[in-house]
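Novice: what's the 3D shape of this:
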Amino acid sequence: MDHNPDRICVWPGYFDAKTSRRSGRRVPRDSSVLKPDLEGLFYAARRVGLKKIKREENISHPNRPYGKEGRLWVSRTGAKQSIGASNKEELLQMIGGQWRQMQKDAKENEAQRVAEGPKTGDKRGRSQRKSRGQRSGQQKSQSSFKKRSGFKKR
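Specialist: Next comes the predicted model:
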């Protein structure tokens, strides 16, 4: 691809919380995320307010040729106009902060949904919830008694 000074290349690996700065993370830990992927990066960039974005899938970073993580091309002038990011590092930190907030919100929503339990009338969800629990103490003692005494039901 030809060099275009108006484009900024953004890789999902820049935001990986499990890698070190030396290994390729470009943002601080508080702007990094767990398991970064191209879809999440794209949605976070959209939520920040970027309009001119091009997504390329199945492309590997030169330092990470084993993973086909993909990349985003962001317009430098578009980023400056829409969100006021003057350089790449500022842009990356804004995207990373938004992406991390999106992950936290999704995790809280999931925890809240699980805590509420199944909806009224959801028989399948209710039956799965009941089967996940432990057996009652009386059932446990009866089954252990049968195993120890060799008692068999005829």
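
Novice: quick one: buried residues of stretch 41-48?
Specialist: By neighbour count on 16 or more other C-beta atoms under 10 Å, the buried set for stretch 41-48 is L41, F42, A44, A45, V48. For glycine as for every other residue, the C-beta is placed from the backbone atoms N, C-alpha and C.

Novice: quick one: which of those sit in helices?
Specialist: L41, F42, A44, A45, V48 (DSSP state H).

Novice: thought the last one was touching Q98?
Specialist: Yes: in this structure V48 lies within contact range of Q98 using C-beta atoms under 8 Å: 4.9 Å.

Novice: what helix or strand does P5 sit in?
Specialist: Using DSSP states H and E, P5 falls within no helix or strand.

Novice: quick check: it touching S75?
Specialist: No: judged on C-beta under 8 Å, P5 makes no contact with S75 at a distance of 11.0 Å.

Novice: and these two? which has more neighbours close in?
Specialist: Set P5 next to S75 and count neighbours by other C-beta atoms under 10 Å: S75 wins out with 18 against 6.

Novice: so where's the protein uncertain?
Specialist: 1, 126, 128-154 (pLDDT under 70).

Novice: and if we set it to 80?
Specialist: Where the chain drops to pLDDT under 80, the residues are 1-2, 118-154.
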